[in-house]
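Participant: next comes the sequence, and after it the predicted model I'd like to discuss.
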Amino acid sequence: MLRIEEEKGPQKNFYTQKVLPQKVVIPLSQHTGSLPKLLVKVKDKVKLGEILAEPSSFISSAIHASVSGEVKDIRIYNHPVLKKAKVVIISAEKNSSERFEPPYIRGEEQVKNMESSELISLIRNSGVVGLGGAGFPTYVKLSPSKKVDTLIVNGCECEPYLTCDYRLMIEHTESILKGIEVIAKILQVNKVYIAIEDNKLEAVKRFNSKLHTKKYALPSAEVVVLKSFYPQGAEKQLIYRLTRRKVPSGGLPFDVGCVVQNVGTCFSVYEAVYFNKPLIERIVTFAGSALEEPKNLLIRIGTVLEELVEREILKFKKEPEKVIFGGPMMGIALDSLDYPIIKTTSGVLFLTGEDLDLREESNCIKCGRCVDICPMNLLPLEFVRLVKKGLWSELKEFYISDCIECGSCAFVCPAKIPLVNYIKAGKEKLKSLNKT
């Protein structure tokens, strides 16, 4: 694992600010699984929180309107992960409310008496997905095919610059704990770990303070403070650090009796269950040396980066040389600002040449650093060799599917080989070959 010493962004003084967009571009694909079934058409009037598309299969997710307004278009548009995807474009009403008005508010006693199936249904209908990056539909994770005894709440946020989870943990500690209560009730676990890294001591303090009141209906629950390392937030690494259980190759956390949920997901579960609030907004970190002021913003899903710059919500002190959706290790570089924020967007980085290593790729010197650093004990240099030679079938023999694309190998490579790019290309090729 990497011990990353760089400044991690606005950790102490940047409180979350709210932003209401004038237009939203909402992709139908913001999650792992099948595209949802579209329920609206052009010129339809929609209200804030209204469903736009419903799950089309077991592994799928609902999409909701993040503003009130009119559906102006449904077409293919820029997507920060898929490059292009089908979207619903909504022009916001001038008097569109800044606040979601809950159609229904549930009390703690009412939630306590609800059946697990009812809770899962609410989470499904609210379009909650994993906000740590993978975007797996949360209701599917809460319906494991095997017995689960341990819930791990991931508050590590180990990538440099990103602080959205940290802000959320500080500002909404109690709400996150209530979301954890709901998840623990559904899964019927007997142990809960809340994992937080040691550079987030204010969050540690607040969670410990709340847990000591013993007001939460949780099984044996504890806050575990972990030394700050990357990529500690990855599911398999976190499970092993906390339980010493190893998820088998090709396996899932529930194969070893665990479920991992990001703190942002727990907060969204709380809002879905207590207020019937769909996932229409999230906290996003905006950072990097090109920005005049790094900040965390509560952003409506579908807000386009370009609008934030045009309205001077984000101001540049230098022209960015690279814009990255996500963190510097696992994020994706964009070719323009005409991209929308989606459910899995944790941050957007605006970097200058001072932040970047602009050296070009050179030949591998067989130093083995990528092998030494790999948290999955894989051979990244072999993936590059096989992809360059087009030996696709041999990639399986080196367990390419186990790569979590953390970027550690590329970070330490003295030849600046973009190893993750080659690995992604190999995975995509194998996927296409499996379909034929």
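Facilitator: Structure received. A quick note: this is a predicted structure, and the numbers were derived from the prediction, not measured.

Participant: doesn't Leu211 make contact with Glu174?
Facilitator: No. Taking Cβ atoms under 8 Å as the definition, Glu174 is not a contact partner of Leu211, at 10.8 Å. All C-beta atoms are positioned from the backbone trio N, CA, C, and that covers glycine.

Participant: which of these two has more residues huddled nearby?
Facilitator: Leu211 (18 against 14; other Cβ atoms under 10 Å).

Participant: and the more buried one, what is it in contact with?
Facilitator: Leu177, Leu218, Ala221, Glu222, Val223 (Cβ atoms under 8 Å, 6 or more residues apart in numbering).

Participant: how far away is the first one from Asp255?
Facilitator: Plainly put, Leu177 is 27 Å away from Asp255 if you go by Cβ to Cβ, to the nearest Å.

Participant: so between those two, which is more surrounded?
Facilitator: Neighbours of Leu177 and Asp255, each counted by other Cβ under 10 Å, are more numerous for Leu177; the result is 24 against 15.

Participant: distance check, the more buried one against Ala217.
Facilitator: For Leu177 relative to Ala217 (Cβ to Cβ), the value is 10 Å.

Participant: what do you get for Asn113?
Facilitator: For Asn113, the distance to Ala217 - Cβ to Cβ - is 12 Å.

Participant: give me the more crowded residue out of those two.
Facilitator: Ala217 (13 against 10).

Participant: leaving out sequence neighbours, find the closest residue to the more buried one.
Facilitator: Distance criterion Cβ to Cβ, 6 or more residues apart in numbering; nearest residue to Ala217, sequence neighbours excluded, is Glu181 at 5.5 Å.

Participant: now for the one you found: which residues touch it?
Facilitator: Neighbours of Glu181 in contact, by Cβ under 8 Å, 6+ apart: Val111, Tyr216, Ala217, Leu218.

Participant: now Lys343
Facilitator: Gln30, His31, Gly127, Val129, Leu131, Gly135, Leu279, Arg282, Ile301.

Participant: same thing with Ile313?
Facilitator: Contacts of Ile313 (Cβ under 8 Å, 6+ apart): Val19, Leu297.

Participant: next: Ala62.
Facilitator: Neighbours of Ala62 in contact, by Cβ under 8 Å, 6+ apart: Pro36, Ile51, Ala53, Glu54, Pro55, Arg124, Asn125, Ser126, Gly127, Pro278.

Participant: out of those, who's the most crowded?
Facilitator: Gly127 leads those on contacts (other Cβ under 10 Å) with 29 neighbours.

Participant: I'd say that residue and His64 touch.
Facilitator: Yes. Using Cβ under 8 Å, Gly127 is in contact with His64, at 5.7 Å.

Participant: of the contacts of Leu211, which is the most crowded?
Facilitator: That'd be Leu177 among those, by other Cβ under 10 Å, with 24 neighbours.

Participant: list the contacts for the nearest residue to it once chain neighbours are set aside?
Facilitator: Counting by Cβ to Cβ, 6+ apart, Tyr216 is the residue found nearest to Leu177 once chain neighbours are left out, at 5.3 Å. The neighbours of Tyr216, taking Cβ under 8 Å, 6+ apart as the test, are Leu177, Lys178, Ile180, Glu181, Lys210.

Participant: these in helices, which ones?
Facilitator: With helices defined by DSSP state H, the entries of the contacts of Tyr216 inside them are Leu177, Lys178, Ile180, Glu181, Lys210.

Participant: how about the second one: what's its closest non-neighbour residue?
Facilitator: So the one you mean is Lys178. Tyr270 (4.8 Å).

Participant: please report the distance of the one you found from Asp73.
Facilitator: 34 Å.

Participant: between the two, which one's more packed in?
Facilitator: Ranked by neighbour count (other Cβ under 10 Å), Tyr270 and Asp73 place Tyr270 first, with 24 against 13.

Participant: how close does that one sit to Gly250?
Facilitator: Tyr270 is 33 Å from Gly250, by Cβ to Cβ.

Participant: just Leu433 next, same as before
Facilitator: 17 Å.

Participant: what's near enough to touch Ile365?
Facilitator: Pro414, Ala415.

Participant: which residues in this protein form helices?
Facilitator: Counting by DSSP H, the helices of the chain are 108-112, 116-125, 138-141, 164-171, 173-187, 201-211, 235-243, 263-275, 305-310, 369-373, 380-389, 392-397, 408-412, 419-435.

Participant: could you dump the longest one to PDB, C-alpha only?
Facilitator: It stands for helix 419-435. The C-alpha trace of helix 419-435 is given here as PDB (Å, rounded to 0.1, in the frame of the first residue of the first chain):
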ATOM      1  CA  LEU A 419      -0.400   0.400 -16.600                       C
ATOM      2  CA  VAL A 420      -4.100   0.900 -15.600                       C
ATOM      3  CA  ASN A 421      -4.900   2.000 -19.100                       C
ATOM      4  CA  TYR A 422      -3.500  -1.200 -20.500                       C
ATOM      5  CA  ILE A 423      -5.300  -3.200 -17.800                       C
ATOM      6  CA  LYS A 424      -8.700  -1.600 -18.600                       C
ATOM      7  CA  ALA A 425      -8.100  -2.200 -22.200                       C
ATOM      8  CA  GLY A 426      -7.500  -5.900 -21.500                       C
ATOM      9  CA  LYS A 427     -10.600  -6.200 -19.300                       C
ATOM     10  CA  GLU A 428     -12.800  -4.600 -22.000                       C
ATOM     11  CA  LYS A 429     -11.400  -6.900 -24.700                       C
ATOM     12  CA  LEU A 430     -12.100 -10.000 -22.600                       C
ATOM     13  CA  LYS A 431     -15.600  -8.700 -21.900                       C
ATOM     14  CA  SER A 432     -16.300  -8.300 -25.600                       C
ATOM     15  CA  LEU A 433     -14.800 -11.700 -26.400                       C
ATOM     16  CA  ASN A 434     -17.100 -13.300 -23.800                       C
ATOM     17  CA  LYS A 435     -20.100 -11.800 -25.400                       C
END
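
Participant: tell me what that helix is packed against?
Facilitator: Counting contacts by 3 or more Cβ pairs under 8 Å, 6 or more residues apart in numbering; DSSP states H and E, helix 419-435 is packed against helix 380-389, helix 392-397, helix 408-412.

Participant: can you say which of the ones you listed is nearest to Lys236?
Facilitator: helix 408-412 (13.8 Å; Cβ to Cβ).

Participant: setting aside sequence neighbours, what's the nearest residue to Val25?
Facilitator: Pro340 (4.2 Å).

Participant: and that neighbour, bridged to which residues?
Facilitator: For Pro340, the beta-bridge partners are Val304 (DSSP bridges).

Participant: isn't it right next to Lys23, touching?
Facilitator: No. Assessed by Cβ under 8 Å, Pro340 is found out of contact with Lys23, at 9.6 Å.
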